[in-house]
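**Q** Structure of the sequence below:
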Amino acid sequence: MPMKRLLPRSSLLFAAAAAPALAAPPMASFPNFTVIFENPGVQNSTAVFDAVGVETFESRPLGLNNAPGFATDFGTGGTILATYTGGRIDNANVYGSAGGVGRHIVNFNKGMQPIEISFTTTLPDGLNYFGYWLSALDGNNRLEFFSGATSLGVITPASVIGALGGCPNATNPYCANPTGPFLGQVKHEQFAFLNVYFNPGVTYDRIRIFQVGGGGYESDNHTVGYFLKTNVVPEPATWVMLIAGFGLVGVSLRRSGRRFATVSA
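**A** Numbers count the residues shown, from 1 in each chain. This is a model prediction of the structure:
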């Protein structure tokens, strides 16, 4: 359970009133999940989780990752386990690696097994979130989710471009590598962190990352877990309702003689 803290009601009202009117992030909807993109250049999730872990590939040996592949617990101590097979581990280059440093995983169509990730977890409700740094998007990239033998949906370049816009475009902040020594390069392809939030009651246990033609599918910072809140900031109209709601809470507290309200962290 998330930790809780006590805040004076006046602090709650001030926090709600002072909240910035941020624009909604780009998103793409699918039958079983919704993809919400982080702001340009953000390379990790800003969602809120009950449990979460990240695979950065820093400790993985360079080269082809053929069977049996490697196992990971995403730093969760065994709460979430997975086996990766296929693809290749590469050092940072103009196309891949978060921050422009370290290692990432990539799949090519020719002479390389697709990346297969098989999960197990002790979380009672399973896994309902997957996030990753997608770099140098090309038209042949595919990512598919499964529950058992059932496909839950495929993220295609068309769905990403539909949300982020096309490249090259000097005014599109998602175009070109945003990091380190490769800053501003590969202007014709998109770079973004994708948060994949599954619908209530839907969970996954396998992911397949593959190419259907030329080019490569680079990704990094694979993030897995069970989310509590998405990375969407409420719209201004929502803040108005929240403020009104806090006002009603305040009336109730005054009537009961209580001075504090409890909110989840």
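
**Q** so what does the longest strand seen in the chain touch, helix or strand wise?
**A** When the chain is parsed with DSSP state E, its longest strand is strand 216-229. Using 3 or more CB pairs under 8 Å, 6 or more residues apart in numbering; DSSP states H and E, the elements in contact with strand 216-229 are strand 48-55, strand 80-85, strand 103-108, strand 115-121, strand 129-135, strand 141-147, strand 206-211. Any C-beta I mention is one placed from the backbone N, CA and C, and that applies to glycine too.

**Q** any idea which of those strands is most buried?
**A** When those are scored by mean count of other CB atoms under 10 Å, the highest mean neighbour count falls to strand 129-135 (a mean of 26).

**Q** Contacts for that strand next, please.
**A** For strand 129-135, contacts defined as CB atoms under 8 Å, 6 or more residues apart in numbering pick out 43-45, 47, 49, 52, 95-98, 104, 141, 145, 160, 177, 189-198, 204, 207, 218-227.

**Q** For the helices and strands packed on strand 216-229, give me a markdown table that also has mean pLDDT and distance to A71.
**A** Putting the helices and strands packed on strand 216-229 into a markdown table (pLDDT from 0 to 100; distance: least, CB to CB, whole Å) gives the following:
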| stretch | mean pLDDT | distance to A71 |
| --- | --- | --- |
| strand 48-55 | 98 | 11 |
| strand 80-85 | 98 | 5 |
| strand 103-108 | 97 | 14 |
| strand 115-121 | 98 | 10 |
| strand 129-135 | 98 | 18 |
| strand 141-147 | 98 | 19 |
| strand 206-211 | 98 | 15 |
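
**Q** In CSV: those strands, plus distance to G153.
**A** Converted to CSV, these look like this (distance: least, CB to CB, whole Å):
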stretch, distance to G153
strand 48-55, 21
strand 80-85, 19
strand 103-108, 18
strand 115-121, 16
strand 129-135, 12
strand 141-147, 6
strand 206-211, 11
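
**Q** and the closest residue to N231 other than its chain neighbours, how many neighbours?
**A** Sequence neighbours aside, T46 is the residue nearest to N231 in space, at 4.4 Å (criterion: CB to CB, 6 or more residues apart in numbering). Neighbourhood size, T46 [other CB atoms under 10 Å]: 17.

**Q** quick one: T46 and I36 touch, right?
**A** No. Here T46 lies out of contact with I36, judged by CB atoms under 8 Å, at a distance of 9.9 Å.

**Q** which neighbours do those two share?
**A** Common contacts of T46 and I36, defined by CB under 8 Å, 6+ apart, comprise N231.

**Q** The contacts of strand 129-135, buried ones only, as a ChimeraX selection?
**A** Here is the ChimeraX command that selects the buried residues among these (16 or more other CB atoms under 10 Å):
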select :43,45,47,49,52,95,96,97,98,104,141,145,160,177,189,190,191,192,193,194,195,196,197,198,204,207,218,219,220,221,222,223,224,225,226,227
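
**Q** still on that earlier bit, which element, helix or strand, includes the residue nearest to N231?
**A** Assigned by DSSP states H and E, T46 belongs to no helix or strand.
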